[in-house]
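Peer 1: How does the following fold in three dimensions:
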Amino acid sequence: MYFTRSDSFLDAVPVPAEPPHVPWRRFAALGDSFTEGLWDVPGGEPPTRTAATDPAPTCRGWADLLALHLAERAEDGRLEYANLAVRGRLLGPILREQVPAALSLEPDLVSLIGGGNDILRPAADPDRLAAQLERAVVALRAAGVDVLLGTGMDSKDSPVVRRTRGRAAVLNAHIWSIARRHDAHVLDLWGMRSLRDWRMWAPDRIHLTTEGHRRVAQGALAALGLEPDDPAWDDPLAPLPPLPRAAQVRDDIEWFRSHAYPWATRRLRGRSSGDERTAKRPKLTPLG
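Peer 2: Okay, the predicted model is just below:
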């Protein structure tokens with residue numbers, strides 16, 4: 001905020017300053033289903049199609065929304081954007097495949113968020129994952145790219161996923177240290193109060209709803225040092241009355257049948273939800 005010239009300081013009138021234009025023109029988003037945007041589909045259609053039957057993108061997500069926000073704030077209203085994220089990807093393939101592909105596009109901003117699929121596995125080593133992640137951040141920063149990292153979400157309230165909470169917390173601590181050492185930005189998903197509400201989560205209890213993605217995009221603006229469009233982006237929702245026990249049991253049974261069992265079956269068969277899928281937006285193309 002600045003002040004207009006006046007004969008008396010007491011007569012000075014505060015005038016809102018113009019928000020600064022974003023410095024980025026080429027944004028590439030890397031990662032897994034979180035960044036691909038599962039369950040944030042215009043019209044509410046669930047992401048059940050495969051690349052073989054429907055190669056067109058059917059998912060939106062927080063990264064797509066962030067790109068739109070950045071384009072709106074660009075000095076000329078334009079931004080080039082690529083989304084290389086693919087559902088089901090472990091951190092290793094993200095770093096081996098997506099990071100070199102992103103560097104070949106010569107972006108000036110990259111979001112690199114992964115490791116969640118690794119942490120779900122009991123044998124996951126968060127120290128090893130952090131070492132791999134840091135090497136990728138070093139390569140990106142050496143190329144002059146600004147990097148947006150993201151912590152894992154707090155699974156305290158999930159009856160099943162909360163067993164991974166300790167591993168996620170160790171990886172999160174590493175992520176903050178990596179960001180400090182290499183001057184990267186951090187999207188603090190663990191600290192988002194609004195994500196503690198189940199209304200932000202899709203029926204599979206792993207991915208976000210449209211509203212969840214919208215709020216994460218606002219959190220990403222804050223992480224990049226920009227003013228969120230929604231001042232209440234992280235305010236908790238008004239509480240709902242507790243769900244009757246019988247209804248909760250029915251929901252749990254439906255979740256296990258529709259989501260947990262198919263996921264476990266794929267794991268046993270060595271399959272992934274991202275098999276035969278490719279990035280939905282593999283090249284930098286203009287927005288705005």
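
Peer 1: Make sure T285 is indeed in a strand.
Peer 2: Yes - T285 forms part of a strand when assessed by DSSP: H, G, I helix; E, B strand; the rest coil.

Peer 1: ok, it touching R78?
Peer 2: No - T285 is beyond contact range of R78, at 10.8 Å (criterion: C-beta atoms under 8 Å). Where you see a C-beta, it was placed from the backbone N, CA and C, and this is true even at glycine.

Peer 1: Pretty sure L30 sits in a strand.
Peer 2: Yes - with three-state DSSP as the criterion, L30 is part of a strand.

Peer 1: and the residue nearest to it when sequence neighbours are not counted, how far is that from M200?
Peer 2: Leaving aside its chain neighbours, L30 sits nearest to Q98 (4.3 Å; criterion: C-beta to C-beta, 6 or more residues apart in numbering). Distance of Q98 to M200, computed by C-beta to C-beta, to the nearest Å: 26 Å.

Peer 1: The residue nearest to L30: neighbouring residues, count only.
Peer 2: Residues within reach of Q98, counting by other C-beta atoms under 10 Å, total 27.

Peer 1: Can you report how many residues neighbour V186?
Peer 2: 20.

Peer 1: Run through the bridge partners of it.
Peer 2: L149 (DSSP bridges).

Peer 1: Quick check: it touching A173?
Peer 2: No - between V186 and A173 there is no contact under C-beta under 8 Å: 11.4 Å.

Peer 1: roughly how far apart are the residue nearest to L30 and A29?
Peer 2: Q98 is 9 Å from A29, by C-beta to C-beta.

Peer 1: Give me the common contacts of the two.
Peer 2: L84, A85 (C-beta atoms under 8 Å, 6 or more residues apart in numbering).

Peer 1: Mind jotting down where the strands sit in the stretch 151-288 of the chain?
Peer 2: 185-187, 281-287 (DSSP state E, counting those that start in this stretch).

Peer 1: closest to R128 out of the ones you listed?
Peer 2: Relative to R128, the nearest member of the strands of the stretch 151-288 of the chain by C-beta to C-beta is strand 185-187, separated by 20.1 Å.

Peer 1: which helices and strands does that closest one pack with?
Peer 2: strand 146-150, helix 165-182, helix 210-223 (3 or more C-beta pairs under 8 Å, 6 or more residues apart in numbering; DSSP states H and E).

Peer 1: so can I have CSV of those showing mean pLDDT?
Peer 2: As requested, those are exported to CSV (pLDDT from 0 to 100):
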stretch, mean pLDDT
strand 146-150, 98
helix 165-182, 96
helix 210-223, 95
